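> Here you go, sequence then predicted model.
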Amino acid sequence: MLSRMADNLFWFGRYVQRAENTARLASVHANLILDMPRRAVVAWESVVDITGSRSGFVERYDGFTETNVVRFLLVDEANPGSILASLAQARTILRAARDVMPREVWEEINKLYWFVRDTDASTLERRKRGEFLDTVIRGCLLVDGMIGENMSHDLAFRFLRLGSNLEQADMTSRIVDASALGLLPPRDDELLPFSNIQWRSVLLSLTAYQMYRRHVRKRVSGPKVVQFLTQNRDFPRSIAWNLDSICHTLARLPNHVSPLNVARTLRARVCGADLTVLPQSQVSDYMDELQAKLAELSNVITEHYFRPELAPDAMSQSQ
């Protein structure tokens with residue numbers, strides 16, 4: 001299999017997950033706004049910081065208002081992490097990968113891209129935004145289901161899933177990071193009784209609330225939510241589950257020793273951490289460090305598989 005095609009499929013998986021999870025990140029705030037008292041002011045600036053795109057935002061917007069941040073995250077094509085830009089990249093990749101992907105995937109990605117592109121300002125307003133985000137999330141889930149059920153689980157599929165799992169792990173860490181940084185104003189004693197509503201909003205945004213209650217069997221609290229979304233090995237959006245999947249996929253790829261060792265080391269580090277004693281003030285630092293380690297793993301995979309000069313003979317093999 002050509003390294004260029006493998007690279008394309010890896011990034012297609014990442015872009016679809018990025019679009020879906022950016023919608024979920026925005027929905028954290030949508031859920032929080034509905035549950036909090038009117039006097040609460042949600043901190044939108046932290047979302048821009050978590051996505052690592054502050055410099056791009058301040059170049060084009062004059063303030064971290066709800067309207068500006070929502071537009072930046074959802075439909076700003078100049079923001080490479082926006083839903084629209086992610087879908088545009090996925091659509092471009094599909095043009096070159098149609099031969100190995102089910103036709104229905106192209107049709108759904110194309111439809112979803114034009115849905116987002118044709119969105120007007122009124123759709124992004126608070127009263128309509130939830131429906132918009134739900135449509136994006138459901139569209140990405142439909143694409144994921146089509147790939148899982150209609151695409152041969154061969155070498156091409158494995159590279160796609162590798163990207164998908166890596167992006168999901170990264171985005172889950174960023175969504176947790178959003179609440180750890182604080183979606184509510186700091187040192188507001190009147191809002192302290194509502195602090196755990198932030199974590200409930202995170203669970204709802206990841207469609208994880210029911211599974212959290214099933215596995216944890218305790219009321220929602222910051223430390224327990226962080227532990228569940230980081231270390232639970234049965235929930236498909238948790239970081240540990242995705243690292244398990246990455247290790248399983250790498251083990252079925254040719255010439256896998258080096259990247260698999262990096263992935264297993266990271267998985268052991270994540271699963272072995274005692275997160276229940278980690279103060280909320282340090283959760284953000286932990287997630288930042290984890291994102292850096294996931295980026296290192298991505299770089300190792302890229303250097304190992306997607307550069308033609310590295311082990312070119314191995315890329316032609318299949319298991």
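Looks like it came in fine.

> pLDDT weak spots in this structure?
Flagging of the chain using pLDDT under 70 yields the residue ranges 1, 31, 33-42, 181-195, 308-319.

> Just give me the longest helix of it.
helix 3-35 (DSSP state H).

> And it, what does it pack against?
Helix 3-35 sits against helix 45-50, helix 66-74, helix 83-97, helix 126-150, helix 155-181, helix 195-205, helix 280-305, with contacts defined as 3 or more Cβ pairs under 8 Å, 6 or more residues apart in numbering; DSSP states H and E. Quick note: C-beta positions are derived from backbone N, CA and C, even for glycine.

> Just put the ones you listed in CSV and tack on mean neighbour count.
Putting the helices and strands packed on helix 3-35 into CSV (neighbours: other Cβ atoms under 10 Å) gives the following:
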stretch, mean neighbour count
helix 45-50, 20
helix 66-74, 20
helix 83-97, 20
helix 126-150, 16
helix 155-181, 24
helix 195-205, 23
helix 280-305, 17
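
> wait, which of those helices is closest to residue 237?
helix 155-181 (5.5 Å; Cβ to Cβ).

> contacts for stretch 286-303?
With contact meaning Cβ atoms under 8 Å, 6 or more residues apart in numbering, stretch 286-303 is reached by 7, 10, 162, 166, 169-170, 173-174, 176-177, 180, 239, 246, 250, 258-259, 262-263, 266, 269-270, 273, 275, 278, 310.

> The same query, at a cut-off of 7 Å, please.
162, 166, 169-170, 173-174, 176-177, 180, 258-259, 262-263, 266, 270, 278, 310 (Cβ atoms under 7 Å, 6 or more residues apart in numbering).

> does the residue nearest to residue 142 when sequence neighbours are not counted count as helix, strand or coil?
In space, and not counting its chain neighbours, residue 142 is closest to residue 108: 5.7 Å by Cβ to Cβ, 6 or more residues apart in numbering. Following DSSP: H, G, I helix; E, B strand; the rest coil, we place residue 108 in the helix state.

> Which of the helices and strands packed on helix 3-35 sits closest to residue 212?
So among these, helix 195-205 is nearest, using Cβ to Cβ, at 5.3 Å.

> Okay then, goodbye and thanks.
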